[in-house]
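In: got a sequence here, can you model it:
(one chain, ligands or ions: 2)
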Amino acid sequence: MDSSFKIESKLKQLELKSRELGFDGFGVARPGITQAIERFEEWLRLNYDGEMAYMSRGAAKRGDLNKVLPGVQSILCLRSNYFPEEKDLTYLENHDEGDISLYALDKDYHDIILPRLKELELYLQNEFPGCQTKVYVDTGPVLEKPLAQQAGLGWIGKHTNLITEGVGSWFFLSEILADVWLPESNPAVDRCGTCRECIDICPTQAIVAPYVLDSRKCISYLNIELKGVIPREFRKAIGNRVYGCDDCQIVCPWNSFAVTTAETAYLDKGNTKALMEWIRLDDDGFRARFRKSPIKRIKRRGFLRNVAVALGNSNDPVAVPALVQVLNDPEPLIRTHVIWALGELMGPAKALDLVKTHLANEKHEWVQQEIEELGKAV
Ligand code: B12
Ligand code: SF4
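Out: Ligands and ions are numbered 1, 2, ... in the order given. Alright, predicted model coming up:
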């Protein structure tokens, strides 16, 4: 068995290796996070996961990491800064541009982080021959935030993102589970204090209590995770956000410490954000533009659904002809939101006339319902 001195020195080497690979935060947690698991189960009971079935499907594993990696003793938690540029709430006034969350401006972080994580895993396996490991970034059945808090990487803020003192919250989390014992770090302490900026700014009141998020109301859920129709009650509040939402983090005072990432894969490469161009994207155009971006996940139909909502919120009638062009789109999800957008821009009576001429034989229930709603507003 290794002496504790040897283990400490191996841990130091691992941390150095992680820095070399571009990780900017490193710590070790034990698998037992009882209180977080209880809170997670309560969150599921309240249906705050909405339609993210993978959250309840993976609940048993999330609640017991032994089911993920038998004999797991240590979780190596890692932080990766993605902060590309300063952002304030004035983006909301830019009605002809769609807003993409800072984490998704360029390359997909899963593709950037996973190979590095695997390299670090290999390094760990060489240091501890025969050890069993698993690596995850975002998509694994792992409660990443409470583990990272235990590993001293930061505390879960009232907006429910992890915040690091002197760093902020613009980073990704990832981890290596291992069946070897590594000395654990000191957990981070909550420094939110009396601040409630994130709760008050949230456009949809999704932070229903400090530290509690009802995903069903969060714009990041509505425009990324939700596959179907965005409930009408949230469409105005979504504004021009077409992928995710950053507001609760923009107003967080701890993010005044954020420094630009050294990782060029996350920087804004100056691609167009013009809603009028995006609404015209066909399948090939969408694939070509977003092939390497996390946005590919929501496919053209999800993206154009969001673009239609943003155009509906633009107050700019110039968008009407472009929207009419996709009124007959084969995807009912797109047709539905285009009808809503036309109602917002033209008024319900004119929009209804137009829609009736274009979609006289409409059969899909989502679209029929949207036309009905327009009729009710006349
Ligand atoms: C599901 C999910 C979502 C859902 C739900 C978010 C959520 N709060 O859970 C949606 C789609 C809304 C979402 C949105 C976003 N996400 Co997300 N998401 C996840 C995912 C896959 C699981 C999170 C989870 O387990 N939720 C379960 C619930 C129960 O957790 P929770 O809300 O944090 O609740 C905990 C605490 O708040 C606490 N708690 C509850 N009550 C109380 C009471 C008190 C008094 C206290 C102290 C604590 C406390 O206990 C709970 C359990 O630990 C993780 C990746 C992963 N595998 O972990 C990424 C992850 C959390 N997401 C991430 C990101 C970047 C985002 C967005 C910022 C993206 C964007 N810009 O649009 C937004 C942020 C929205 C927000 N305000 O949280 C990052 C966060 C990085 C960070 N700094 O924390 C993660 C870690 C992905 C990654 N690998 O980097 N996400
Ligand atoms: S991401 Fe946006 S909608 Fe979601 S909790 Fe934060 S401010 Fe609210």
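In: domain ranges for this structure?
Out: 4-85+105-178, 274-372 (automatic domain parsing).
In: among these, which comes closest to ligand 2?
Out: domain 4-85+105-178 (5.5 Å; Cβ to the nearest ligand atom). Where you see a C-beta, it was placed from the backbone N, CA and C, and this is true even at glycine.
In: so which of the domains of the chain is nearest ligand 1?
Out: Across the domains of the chain, closest to ligand 1 is domain 4-85+105-178 (Cβ to the nearest ligand atom), at 3.4 Å.
In: name the nearest residue to whatever residue of the chain ends up closest to ligand 1, sequence neighbours excluded.
Out: Among all residues of the chain, Gly244 sits closest to ligand 1, at 2.7 Å; criterion: Cβ to the nearest ligand atom. Leaving aside its sequence neighbours, Gly244 sits nearest to Ser101 (Cβ to Cβ, 6 or more residues apart in numbering; 3.0 Å).
In: who in the protein is up against ligand 2?
Out: Neighbours of ligand 2 within the chain, by Cβ under 6 Å from any ligand atom: 159, 202-204, 206-207, 213, 218-220, 245, 247-248.
In: same thing but 8 Å
Out: Neighbours of ligand 2 within the chain, by Cβ under 8 Å from any ligand atom: 159-160, 198, 201-207, 213, 217-222, 241, 244-249.
In: filter those residues down to the buried ones.
Out: Neighbour counting with 16 or more other Cβ atoms under 10 Å marks 159-160, 198, 201-204, 206-207, 213, 217-222, 241, 244-249 as buried within the residues of the chain next to ligand 2.
In: who in the stretch 51-200 of the chain is up against ligand 1?
Out: Counting by Cβ under 8 Å from any ligand atom, the stretch 51-200 of the chain sits next to ligand 1 at 52, 54-55, 62, 79-80, 101-104, 109, 136-146, 148, 154, 156, 159-163, 169-174, 190, 198.
In: surely Ser220 meets Gly244?
Out: Yes - using Cβ atoms under 8 Å, Ser220 is in contact with Gly244, at 4.7 Å.
In: anything in contact with each of the two?
Out: Ser101 (Cβ atoms under 8 Å, 6 or more residues apart in numbering).
In: end-to-end on stretch 204-222?
Out: 11 Å (Cα to Cα, to the nearest Å).
In: quick one: average pLDDT of it?
Out: What stretch 204-222 shows for mean pLDDT is 98.
In: that stretch and ligand 1, are they touching?
Out: Yes - on the criterion Cβ under 8 Å from any ligand atom, stretch 204-222 is in touch with ligand 1 at 206-207, 209-213, 215, 218-221.
In: can I get the domains of the chain in TSV with mean pLDDT?
Out: Formatted as TSV, the domains of the chain follow (pLDDT from 0 to 100):
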stretch	mean pLDDT
domain 4-85+105-178	97
domain 274-372	98
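In: how close does the nearest residue in space to Tyr211 that is not next to it in sequence get to Ala258?
Out: Distances taken as Cβ to Cβ, 6+ apart place Lys158 nearest to Tyr211, at 5.6 Å, with adjacent residues excluded. According to Cβ to Cβ, to the nearest Å, Lys158 and Ala258 sit 18 Å apart.
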